[in-house]
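[1] sequence first, predicted coordinates after that:
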Amino acid sequence: MNHFDLVICGAGPVGCTIAERAANQQGWKVLIIEKRNHIAGNCYDCYHKSGVMIHRYGPHYFRTNNKEIFEYLSKFTDWIPGDYFVKSYSRGELFNFPINLETLEKFYNLKLSVKEAKELIENVREKIEFPQNSEEYVLSKVGRELYEAFYLGYTLKQWERHPKDLDASVCGRIPVRFNKDSRYSDYKYQVTPSQGFTAMFQKMIEHPNISVMLQTDYKQIKPFVKPRIATVYTGPIDEYFDYKLGKLPWRSLDFEFKEYYQEYKQPCVQINYPNDFDYTRTVEIKHVTKQKCWNTVISYEYSKSSGDPYYPVPAPENAALYKKYEELAMLEQSINRVFFVGRLAAYRYYNTDQVIEAALKTFNQIQNLNPQN
Ligand SMILES: Cc1cc2nc3c(=O)[nH]c(=O)nc-3n(C[C@H](O)[C@H](O)[C@H](O)COP(=O)(O)OP(=O)(O)OC[C@H]3O[C@@H](n4cnc5c(N)ncnc54)[C@H](O)[C@@H]3O)c2cc1C
């Protein structure tokens with residue numbers, strides 16, 4: 001156990017990226033410890049018993065503006081275009097989402113030029129100069145009627161919190177467009193690994209210097225491993241410190257996968273249900289993976305407050321608690337060379353490209369360290 005240069009807790013995107021760099025660039029021996037029975041973290045995709053590929057922990061739409069990250073990952077995968085289209089079900093109809101010109105035309109039952117659409121929104125939006133929370137943010141962007149149709153119910157279901165009690169950034173991530181662009185996001189690169197995320201991360205860590213222990217909790221073997229260079233911890237930061245300052249809250253999800261005997265069940269990869277049903281969204285990832293098969297699988301997502309940690313809850317009191325843990329983490333880094341990185345360790349809503357960028361930065365820090373005695 002003690003002949004490893006680097007020990008990494010978690011075989012998610014961060015763990016795989018740092019392991020790959022350490023083995024290929026430094027020739028280090030790396031041990032990755034992962035408590036699940038697979039690699040790739042929440043990006044994990046696999047085949048459902050029906051033979052249809054699914055995203056096991058929710059749909060992952062890879063997108064980035066960062067050319068370096070795109071080129072780095074391109075060493076491990078080919079890509080197919082990321083056709084990320086989302087609709088929202090409201091008032092018994094499907095609307096393009098995020099809101100765009102077509103959404104506005106359908107919602108208000110009007111034919112609108114870009115100029116008219118902008119004037120309409122200017123009239124209905126509430127004039128809140130400095131929005132302090134998600135409700136104020138959306139009201140200031142699109143006004144109450146659209147807020148109640150598309151945002152309020154979804155936010156309540158997803159977070160079990162009123163948008164008033166969530167940072168403006170939660171709903172601030174969703175753009176509003178005055179053209180007919182109906183893509184889910186605006187990023188320069190919107191692509192999906194042609195063989196899936198798991199295959200891409202598997203390729204990254206295929207190296208004789210990299211060992212992976214699955215179904216192993218880092219906590220259990222921590223006393224027995226002492227890496228020569230450093231430890232990278234990508235699990236929840238509060239768990240590392242035995243929750244001694246209190247528990248950071250997370251939102252979790254239940255996924256129900258149902259097979260349908262038809263080629264496609266819905267018109268696009270994702271449909272949001274802000275106001276009807278218990279689930280928040282339905283996902284037919286086949287629209288993105290482009291798998292050719294006669295049947296399909298829909299994933300129904302139900303939001304909940306306990307279970308695997310998926311979304312940090314962005315509220316001021318949680319940010320304050322995280323700050324205290326961060327101070328402990330800094331100490332742990334300087335004393336014991338434990339580096340905290342990734343979505344669970346940073347308690348941040350990071351997309352995959354962002355965590356890979358953070359992982360590469362951390363690796364740059366670690367690679368300058370000398371072996372410890
Ligand atoms: C529902 C959902 C949808 C998402 N959609 C997108 C999207 O569309 N596009 C996008 O770019 N990103 C998306 N993301 C974000 C993406 O999943 C993350 O950015 C990325 O997976 C973070 O990588 P990570 O390595 O930091 O953490 P993770 O992927 O969470 O991996 C951490 C790993 O550490 C393991 N671990 C934790 N504690 C221990 C322990 N004590 N011992 C051993 N192992 C441990 C966990 O089991 C896990 O496998 C989504 C996330 C979720 C939850």
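    Perfect, thanks for sending it. Numbers count the residues shown, from 1 in each chain.

[2] neighbours of the one residue in the stretch 151-300 of the chain that gets nearest to the ligand, just the number please.
    Relative to the ligand, the nearest point of the stretch 151-300 of the chain is residue 235 (2.8 Å; CB to the nearest ligand atom). C-beta coordinates here come from the backbone N, C-alpha and C atoms, glycine included. For residue 235, the count of nearby residues is 21 (other CB atoms under 10 Å).

[3] same check, this time on residue 328
    Residues lying near residue 328 (other CB under 10 Å) number 16.

[4] distance of it from residue 305?
    Going from residue 328 to residue 305 by CB to CB, to the nearest Å gives 25 Å.

[5] if we can go back for a sec, so what's the residue of the stretch 151-300 of the chain closest to the ligand up against?
    Contact analysis of residue 235 by CB atoms under 8 Å, 6 or more residues apart in numbering lists 9, 10, 218, 344, 345.

[6] need phi/psi at the second one.
    Meaning residue 10. Phi and psi for residue 10, reported as degrees, to the nearest 10, are phi 110, psi 120.

[7] before we move on, what about the first one?
    With angles defined as degrees, to the nearest 10, residue 9 sits at phi -90, psi 110.

[8] is it in contact with residue 233, as I believe?
    Yes - between residue 9 and residue 233 there is a contact at 4.8 Å, judged by CB atoms under 8 Å.

[9] the nearest residue in space to residue 221 that is not next to it in sequence pairs with what?
    Closest residue to residue 221 apart from its sequence neighbours, by CB to CB, 6 or more residues apart in numbering: residue 33 at 6.5 Å. Assessed by DSSP bridges, residue 33 has beta-bridge partners residue 9, residue 213.

[10] look up the closest residue to residue 341, ignoring the ones flanking it.
    Leaving aside its chain neighbours, residue 341 sits nearest to residue 362 (4.6 Å; criterion: CB to CB, 6+ apart).

[11] next, residue 263: phi, psi?
    When read as degrees, to the nearest 10, the backbone of residue 263 gives phi -70, psi -50.

[12] what lines up beside the lengthiest strand in the chain in the sheet?
    Of all the segments of type strand in the chain, defined by DSSP state E, the longest one is strand 250-260. Paired strands of strand 250-260, with direction, are strand 296-304 (antiparallel), strand 311-312 (antiparallel) (DSSP bridges).

[13] find the closest residue to the ligand in the stretch 51-200 of the chain.
    For the stretch 51-200 of the chain and the ligand, the shortest gap (CB to the nearest ligand atom) falls at residue 58, measuring 2.7 Å.

[14] my read: residue 100 touches residue 174, true?
    No - Residue 100 is beyond contact range of residue 174, at 11.3 Å (criterion: CB under 8 Å).

[15] compare neighbour counts for these two and give me the winner.
    The residue with more neighbours, out of residue 100 and residue 174 and counting by other CB under 10 Å, is residue 100; that gives 20 against 17.

[16] for residue 247, give me its contacts.
    residue 238.

[17] so how far is residue 241 from it?
    Taken as CB to CB, the span from residue 247 to residue 241 is 11 Å.

[18] in the longest helix anywhere in the chain, which residues are buried?
    Taking DSSP state H as the criterion, the chain has its longest helix at helix 316-336. Neighbour counts over helix 316-336 (16 or more other CB atoms under 10 Å) mark 318, 321, 322, 325, 328, 329, 332, 333 as buried.
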